[in-house]
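> I'd like to go over a predicted model; first the sequence, then the structure.
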There are 2 protein chains.
Amino acid sequence: MAADRSRNVLIVLANPEPGSFCHALAAAARDALTHSGHHVEISDLFAQGFNPVAGRHDFTTVADPARFHYQSEQAKAARENGFSEEIAREQERVRKADNLILVFPLWWGGMPAILKGWLERVLAYGFAYVDGHRFDSGLLRGRRAMTAVTTGGTPERFSPEGVYGPIEGVLYPVQRLGLEYMGLSVEPPFVAYGAPRVSNEEREAMLANFAEKAVAMAALEVDPYEPPCHPLDLVDAGAWSRS
Amino acid sequence: MAADRSRNVLIVLANPEPGSFCHALAAAARDALTHSGHHVEISDLFAQGFNPVAGRHDFTTVADPARFHYQSEQAKAARENGFSEEIAREQERVRKADNLILVFPLWWGGMPAILKGWLERVLAYGFAYVDGHRFDSGLLRGRRAMTAVTTGGTPERFSPEGVYGPIEGVLYPVQRLGLEYMGLSVEPPFVAYGAPRVSNEEREAMLANFAEKAVAMAALEVDPYEPPCHPLDLVDAGAWSRS
C-alpha cells in the first residue's frame, strides 16, 4: 500500500430529505474524515435523481438486441467501455475509493430501492466481479466498506427475541452479497436505532460515534486491487463453477 | 371466509426480459391457477415502467412542504385518498388479492430495485400497516404470500457451507420485514437455482413444481382483514411503543 495514509472515501447516501439524520451522518463523517486529512466524495442519490432501474439505458453497447440478459450486457459494456455516463461516473468514484460507506434508512427491511439499484447498475459484472472472481477474489478487494443505517425501530425490536430479529440478519444480504461479494472487507454495520425518536444528546452522540468509526476505518490498511489485464480476461471457461 | 374457494391472486413480476424464466414461472402459475378456477392478475413492473423511487410524486397531498418524511406523507395520503394514480392502482390490486406472489431474479442479494420500490411505495404506512398494527396485526393479515426466486448460483453455494449461505438467510428481510410485517402469512420461498444453466427437463419440472405450489397456496384458508374503520383510526398515541 501507499505510504501516504490519506484515503479516498466515497459515501453513497440514500435519503430523500436533506434534513434527515442520514444526511447528518454523512456530513459528520465527511467533516471528521476531511479534518483527518482524507478525501471525501458524497454521492447523494436522491439529489442526483439517480435512476435505479436496470435497462438498456445502462449501456451504449448492445450484446443481444433480441434478448436482454443483464449480466451479458454488463459484460459487453465492461469490455467495450459501453456504460452510460451516469454509471461510468459512479464506477469511477468507486474505482478511486479506498473506503466505501453506504448511508441509508432501513425501509421495508432493506436499502431504499434507489440504493439497491445503484448496486445493481454500478457494481456491475465485469467491473466489480466476474465469474471466478467473487468474495476473496472479487475485483474490489483491498478496499473497505461500511453500512450506516437509521431505523425507526428500537434496539429491542432488533434483539434475538424482537419482532425483526438481530440487525445482522436483516443486513446480511447487503453485507455479504452486496459488498463482500465484490471483495470488499466489510466492517460491522453502524446502526442508529430509533433515530426519529431519540433525544438531541443521543443524536449528537450517534453522530460523533459514527464519525469516529469512519475515521477508524480510514486508518486501516488498504491495498486496492488493480487487475493486471481486462477483468474479463481473468475469466476462463470453467470459472463459473468454481466461484 | 367465503364458501367460494375461488381466489384472487396477484403476481408481481420483476424481470426486464419477457423471455426470462421469471416470466415463464409467472405464466405457469397463472395458467394453473386459472385452470383451477382462480382469478389471476399479473403486475409486470418492467413492462409497466414502474417507478421505484419514493418521492413527492407518490402523493397528491402534502403533509409537510418543508420536510419530506416518507411515512408521514404516506399517512396523510392514506387519510385523504392522496396516493398517485400508479400507487392507488397497485394498492387496489393488493387489496383485492387473497394471495400475493412475488416473482424475481436474485440480484445483488435481493429483489431488483424496481420490486423493492414497489414494496416501499405500494405497501405504504396507513395502507399495509400502521403503528401498533404490524406482523400478526398487520393490515394485510388473512392473506397469503409467496416469493419465487431465480438464481444464477447453484444450490451448493446456498448451502450452510456455501459462499452465500442458506437462501432463508438471504431472503429473510423480504420474507419477514417485507411481507410478514404487513400481516401476510408467508409460504417458504420457491427457488429455481441456477435457472440459466439447467436442462430443459429440469426447467419444465421447476415450472410444474411452482405451478403446483401456487395452486396449493390458493387452496389454503384465507380471511382478508377489513379494518372496521380507517386504518389510521386504529392507531393510538402509545401504539408505536408496542408494535
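Looks like it came in fine.
> Test for you: state the pLDDT assigned to the residue lying farthest from the centre of chain A.
Farthest-out residue of chain A from its mean C-alpha position, per CA atoms, centre = their mean: A:A66, at 31.8 Å. Per-residue pLDDT puts A:A66 at 97.
> now swap in A:V62 and tell me
98.
> how about the spatially most central residue of chain A, secondary structure?
The residue lying closest to the centre of chain A (CA atoms, centre = their mean) is A:L102, at 5.0 Å. Per DSSP: H, G, I helix; E, B strand; the rest coil, the local secondary structure of A:L102 is strand.
> Would you check that it makes contact with A:A148?
Yes. Counting by CB atoms under 8 Å, A:L102 touches A:A148, with 7.0 Å between them. (Each C-beta comes from the backbone N, C-alpha and C, glycine too.)
> can you point me to the longest helix in chain A?
Ranked by residue count under DSSP state H, the longest helix found in chain A is helix A:200-219.
> for that helix, packing partners?
Using 3 or more CB pairs under 8 Å, 6 or more residues apart in numbering or on different chains; DSSP states H and E as the contact criterion, the elements in contact with helix A:200-219 are helix A:21-35, strand A:99-105, strand A:144-150, strand A:190-192.
> Out of those, which is closest to chain B?
strand A:99-105 (8.2 Å; CB to the nearest CB).
> and the closest one, which strands flank it?
Strand pairing for strand A:99-105, determined by DSSP bridges: strand A:8-13 (parallel), strand A:144-150 (parallel).
> Could you figure out how far the last one is turned away from helix A:21-35?
So that's strand A:144-150. On the basis of axes from the mean of the first three to the mean of the last three CA atoms, to 10 degrees, strand A:144-150 is oriented at 140 degrees to helix A:21-35.
> residues making contact with strand A:144-150?
A:15, A:20-22, A:25, A:29, A:98-106, A:167, A:171, A:174-175, A:179, A:184-187, A:189-192, A:195, A:210, A:213-214, A:217, A:220, A:222 (CB atoms under 8 Å, 6 or more residues apart in numbering or on different chains).
> So is stretch A:69-89 next to chain B?
Yes. Applying CB under 8 Å from any CB of the partner chain, one finds stretch A:69-89 touching chain B at A:H69, A:Y70, A:Q71.
> same question, stretch A:168-176
Yes. Judged by CB under 8 Å from any CB, stretch A:168-176 and chain B are in contact via A:G169, A:V170, A:Y172, A:P173, A:V174, A:R176.
> Only whichever of these are buried, select them in ChimeraX.
This is the ChimeraX syntax for the buried subset of the residues of stretch A:168-176 next to chain B, where burial follows 16 or more other CB atoms under 10 Å in any protein chain shown:
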select /A:170,172,173,174,176
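> For the residues of stretch A:168-176 next to chain B, give me TSV that also has pLDDT.
Below are the residues of stretch A:168-176 next to chain B laid out as TSV (pLDDT from 0 to 100):
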residue	pLDDT
A:G169	98
A:V170	98
A:Y172	98
A:P173	98
A:V174	98
A:R176	98
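> could the residues of stretch A:168-176 next to chain B go into TSV alongside secondary structure and distance to B:T60?
Putting the residues of stretch A:168-176 next to chain B into TSV (DSSP: H, G, I helix; E, B strand; the rest coil; distance: CB to CB, whole Å) gives the following:
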residue	secondary structure	distance to B:T60
A:G169	helix	38
A:V170	helix	33
A:Y172	helix	38
A:P173	helix	34
A:V174	helix	33
A:R176	helix	40
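> which among the residues of stretch A:168-176 next to chain B gets closest to A:F158?
Closest approach to A:F158 among the residues of stretch A:168-176 next to chain B (CB to CB): A:V170, at 7.2 Å.
> ok, the closest residue to that closest one other than its chain neighbours - contacts?
Spatial nearest neighbour of A:V170, chain neighbours left out: B:P173 (5.4 Å); criterion: CB to CB, 6 or more residues apart in numbering or on different chains. Counting by CB under 8 Å, 6+ apart, B:P173 touches A:G109, A:G110, A:V170, A:Y172, A:P173, B:G110.
> how about 6 Å then?
By CB atoms under 6 Å, 6 or more residues apart in numbering or on different chains, B:P173 lies in contact with A:G109, A:G110, A:V170.
> Need the pLDDT of the residue lying closest to the first one once chain neighbours are set aside.
Computed as CB to CB, 6+ apart, the closest residue to A:G109 that is not its neighbour in sequence is B:L177, at 2.7 Å. The predicted local confidence for B:L177 comes out at a pLDDT of 97.
> Tell me how far B:L177 lies from A:Y172.
12 Å (CB to CB, to the nearest Å).
> Check A:A26 too.
23 Å.
> Enumerate the residues of chain A near chain B.
A:16-17, A:19, A:52-53, A:55, A:67-68, A:107-110, A:113-114, A:116-117, A:119-120, A:135, A:163, A:169-170, A:172-173, A:177-178 (CB under 6 Å from any CB of the partner chain).
> show me where pLDDT drops low in chain A?
A:1-3, A:236-243 (pLDDT under 70).
> Tell me the secondary structure of A:N15, please.
coil.
> Could you tell me how many residues sit around it?
28 (other CB atoms under 10 Å in any protein chain shown).
> Is it correct that it is in contact with A:L25?
No. Using CB atoms under 6 Å, A:N15 makes no contact with A:L25, being 9.3 Å away.
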